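Undergrad: how would this look folded up:
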Amino acid sequence: MKLTIISIIISAGVVFAAIFFANNRDSSGLPNKEPIAVSQVIDGKQIIEIKAKGGYTPREILAKADIPTIIKVKTQGTFDCSSALVIPSLNYRTNLAPSGVTEIEVPPQKIGFVLNGTCAMGMYGFSIKFN
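TA: Sure, this is the predicted structure:
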């Protein structure tokens, strides 16, 4: 009898933990409290790397204003909605290769501008804030 009660309590704890961790993740499986990424400057150009698979990672990026920028979108076996990338402010739309790197040139942006990218359906997105 005691063994059955202990088994039920342990099982309930496992189920609670699974629900808790599942609810602390978004639809791409990433934690909701994702840190904000910072861009790198190499040879006078700002480089931003984003992974596209089941969404975009990182979803929030801080970038320097008034400097040419290159967004490198990396895919690896990406066959979901995040492979159809749209950046409205650049009038940019493409279907990314399932695996590889796509480079997107972004002209210098002003302080405070936020560049948003999404999948074609608007389910997944990322933002780059220039400061």
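Undergrad: Please count neighbours and contacts with C-alpha atoms only from this point.
TA: Will do.
Undergrad: State the pLDDT value of residue 38.
TA: Looking at residue 38, its pLDDT reads 81.
Undergrad: Run a quick check on it versus residue 59, I expect a contact.
TA: No: contact criterion CA atoms under 8 Å: residue 38 and residue 59 do not qualify, at 11.2 Å.
Undergrad: Can you give the domain ranges for the chain?
TA: According to automatic domain parsing, the chain is divided into the following domains: 1-33, 37-130.
Undergrad: Save these as JSON lines, and put in mean neighbour count too.
TA: Putting the domains of the chain into JSON lines (neighbours: other CA atoms under 10 Å) gives the following:
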{"stretch": "domain 1-33", "mean neighbour count": "12"}
{"stretch": "domain 37-130", "mean neighbour count": "17"}
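Undergrad: Any idea which of the ones you listed has the lowest pLDDT on average?
TA: domain 1-33 (a mean of 53).
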